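Q: Any chance you can model this:
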Amino acid sequence: MEKLCEFGSSSDDDLKKKKKKRKVSLFVDLLGDPLCRVRHCSNYCMLIAEYGEKKEIVGTVRSCMKTVTRGKTIFREFPVYVKVAYLLGLRVSHSHRRLGIGTCLVRKMEEWCVQNGAEYVYMATDRANSASLALFTQKHSFVPFRIPTVLVRPVHPHHDVPTHPRRCRIIKLSPSLAEAVYLRAFSSAEFFPKDISAILSNPLSLGTFLAVPTECDWDPTQPDPTDLPPRHAVLSVWNTKDSFRLQVRGAPRLWTAACRLTRAVDACAPWMRVPSVPDVFEAAFGVYFMYGLHARGEGGSAEELMRSLCGFVHNMARADEGGCKAVVAEVGRGDPVLPGVPYWRRFSFGEDVWCMKRVGGGEEDWIESQPSTPVVFVDPRDF
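A: Model (predicted):
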């Protein structure tokens, strides 16, 4: 089915069009598991489209249900939870496009979402994908809702990144303590999942890590461990490489040659600490996804702690022998943690458009309301 629908690939014409809009295109290789991005939710569905007398599989779409926060409202002190459906993985074979197959798949999946009690349906796509945006906004009445920023940092293959051990110490939190910390930190955020405990205890979650100043005597075994010090940073790590792989295609030859040169210099003279680019152009590779990024502090201390945490995750990825070549984070465009997250501009983009549609229930319309905070919790299962 993946071959018929050309998962993780693109025609030469598509690549030429994308090159004009962006120098690098990112494609997903699902490694034979088309349900990998929804199977970790308790309720999910996958539909396929068959065509002709031979019932050839020509398209597919997936969706999963979950309950998330929509932030605090002016009428309620506590966060409001709503049931949403995340729609993803819409694919139609190149030879069967412009036949209404994609429209039919989306319509049938919306019916499944409504039957399962969804109040809203949302999807994410690249702003450069005009065909996908037109399909959802013009034909299915979706509305552009949020535009998070995707930050990508390649993993240096030959040396670790300094984590400033003299200025901060990093503590691994238990899943139960991490849940309590996140419930406080993201009480006003949007899209914070109600089943956060299932995410933190998932085998793909490599842990939640807290950074505090070295002189801080905070102890996770104290009576109220959620009473964090005034200066701290926290994040969790999701191992996406065991679910699916990414592949960078469409890069100019001159750029790939320059990247090879940086790797050669870094291998011959690691003491120079050249910011080399790992080999991400020849084959699919895995990434670590950082989620639940939160920091608090004054005078740039929060940024420094978050930067140390990101360096710690980079070093985790470098030590991974399974082919992890990048560390990725996705945060709201106005999120306070943004200045403290290191990334490479060439690999990153701020055009991940989330579109939403209201399909039932509720007195207040989330789409028309103003966000109570610029923080958006990005579920690692959605990435």
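Q: Now do the same contact list for Lys172.
A: By Cβ atoms under 8 Å, 6 or more residues apart in numbering, Lys172 lies in contact with Gly207, Thr208, Phe209, Leu210. Just so you know, the C-beta spots here come from the backbone N, C-alpha and C atoms, and that holds for glycine as well.
Q: From those, list the buried ones, please.
A: Thr208, Phe209, Leu210 (16 or more other Cβ atoms under 10 Å).
Q: Okay, and which of those residues map to strands?
A: Among the buried ones among the contacts of Lys172, the ones falling in strands (DSSP state E) are Thr208, Phe209, Leu210.
Q: Out of those residues, the closest to Arg318 would be?
A: Closest approach between these and Arg318, by Cβ to Cβ: Phe209, at 15.8 Å.
Q: Reformat the ones in strands among the buried ones among the contacts of Lys172 as TSV; add pLDDT.
A: Below are these laid out as TSV (pLDDT from 0 to 100):
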residue	pLDDT
Thr208	97
Phe209	97
Leu210	96
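Q: just those residues now: which is nearest Ala283?
A: Of these, the one sitting nearest to Ala283 (Cβ to Cβ) turns out to be Phe209, at 29.5 Å.
Q: Quick one: residues contacting that closest one.
A: Going by Cβ under 8 Å, 6+ apart, the list of residues near Phe209 reads Ile170, Ile171, Lys172, Leu173, Val234, Leu235, Ser236, Val237, Leu309, Phe312, Val313.
Q: ok, back up a step: from the ones in strands among the buried ones among the contacts of Lys172, which is closest to Val265?
A: Nearest to Val265 among those, with distances taken as Cβ to Cβ, is Phe209, at 31.6 Å.
Q: any idea how far the closest one is from Leu293?
A: 11 Å (Cβ to Cβ, to the nearest Å).
Q: what touches both of the two?
A: In contact with both Phe209 and Leu293: Val234, Leu235, using Cβ under 8 Å, 6+ apart.
Q: Apart from its chain neighbours, what residue comes closest to the residue sitting nearest the centre point of the chain?
A: For the chain, the residue nearest the mean C-alpha position is Phe383 (3.4 Å; Cα atoms, centre = their mean). Using Cβ to Cβ, 6 or more residues apart in numbering and skipping residues adjacent in sequence, the residue nearest Phe383 is Phe289, 5.1 Å away.
Q: Mind listing the residues bridging to that neighbour?
A: Trp238, Val328 (DSSP bridges).
Q: and it, what does it touch?
A: Val237, Trp238, Thr240, Val328, Ala329, Glu330, Pro380, Phe383.
Q: Widest-spaced pair of those?
A: Val237 and Glu330 (13.5 Å).
Q: Give the residues shared as contacts by the two.
A: Joint contacts of Val237 and Glu330 (Cβ under 8 Å, 6+ apart) are Phe289, Tyr291.
Q: ok so, going back, and of the contacts of Phe209, the nearest to Val58?
A: Val237 (37.2 Å).
Q: From Arg97, how far off is the closest one?
A: In terms of Cβ to Cβ, Val237 sits 38 Å off from Arg97.
Q: Let me know the pLDDT of Ser63.
A: We have a pLDDT of 95 for Ser63.
Q: In stretch 131-139, which residues are buried?
A: Applying 16+ other Cβ under 10 Å to stretch 131-139 flags Ser132, Leu133, Leu135, Phe136, Thr137 as buried.
Q: Restricted to helices, list those residues.
A: With DSSP state H as the criterion, helices contain Ser132, Leu133 from among those.
Q: could the buried residues of stretch 131-139 go into JSON lines alongside distance to Thr149 and pLDDT?
A: Shown next, in JSON lines, are the buried residues of stretch 131-139 (distance: Cβ to Cβ, whole Å; pLDDT from 0 to 100):
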{"residue": "Ser132", "distance to Thr149": "19", "pLDDT": "85"}
{"residue": "Leu133", "distance to Thr149": "18", "pLDDT": "88"}
{"residue": "Leu135", "distance to Thr149": "24", "pLDDT": "88"}
{"residue": "Phe136", "distance to Thr149": "21", "pLDDT": "92"}
{"residue": "Thr137", "distance to Thr149": "21", "pLDDT": "92"}
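Q: Fine by me, we can end here.
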